[in-house]
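Asker: What follows is a predicted structure for the sequence shown.
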Amino acid sequence: MAKLGIQTNLVQDAAAFGLLSRVDKVIVSAHGIMATGGIIGQTGILNIAHAAKAQQVPFFVLGASYKLTPLHPIDSHTYNELLSPETIFELEGDDIEENIEVI
């Protein structure tokens, strides 16, 4: 079986602009794909897309057909779930409760 010669790397969002000059293409996944062609994606995708455009690197978004939606987020609350930090934060085994402040 022949090797394809594909190399994958995990890069922090902040370092993406500096590394995109050495990249052939950028492929990301989408949480949702809107009828207007916009995407709902993970934090940092917009910055990577801008960096790819600035360096003329092809940028692809992958998503299954069930992720297509006619909705359009008109405000920050449409697709974001706002919860109290106390309901989603859990202490782990080594955490010291006195040293942690949930804001």
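Answerer: Arrived safely.
Asker: The residue lying closest to residue 35 once chain neighbours are set aside: neighbour count?
Answerer: Excluding its sequence neighbours, the residue lying closest to residue 35 (C-beta to C-beta, 6 or more residues apart in numbering) is residue 70, at 4.9 Å. C-betas here are computed from N, CA, C, even on glycine. Counted with other C-beta atoms under 10 Å, residues neighbouring residue 70 total 7.
Asker: Look up phi and psi at residue 70.
Answerer: phi -80, psi -10 (degrees, to the nearest 10).
Asker: can you tell me how far it sits from residue 38?
Answerer: Distance of residue 70 to residue 38, given as C-beta to C-beta, to the nearest Å: 12 Å.
Asker: same check, this time on residue 11
Answerer: For residue 11, the distance to residue 38 equals 24 Å [C-beta to C-beta].
Asker: go on, residue 16?
Answerer: For residue 16, the distance to residue 38 (C-beta to C-beta) stands at 20 Å.
Asker: So which of those two has more stuff around it?
Answerer: Per other C-beta under 10 Å, whichever of residue 16 and residue 38 has more neighbours is residue 16, with 19 against 13.
Asker: Next secondary structure element downstream of the one helix or strand the more buried one maps to?
Answerer: Using DSSP states H and E, residue 16 sits in helix 16-19. Next along the chain after helix 16-19, taking DSSP H and E as the criterion, comes strand 26-29.
Asker: Direction included, what does that next one pair against?
Answerer: Strand 26-29 has the following strand partners under DSSP bridges: strand 59-62 (parallel).
Asker: Beyond the partner strand, next helix or strand please.
Answerer: As assigned by DSSP H and E, the chain's next helix or strand after strand 59-62 is strand 68-69.
Asker: Show residues contacting that following strand.
Answerer: 32-35, 40 (C-beta atoms under 8 Å, 6 or more residues apart in numbering).
Asker: Show me what it pairs with in its sheet, parallel or antiparallel.
Answerer: Strand 68-69 pairs in its sheet with strand 32-34 (parallel), by DSSP bridges.
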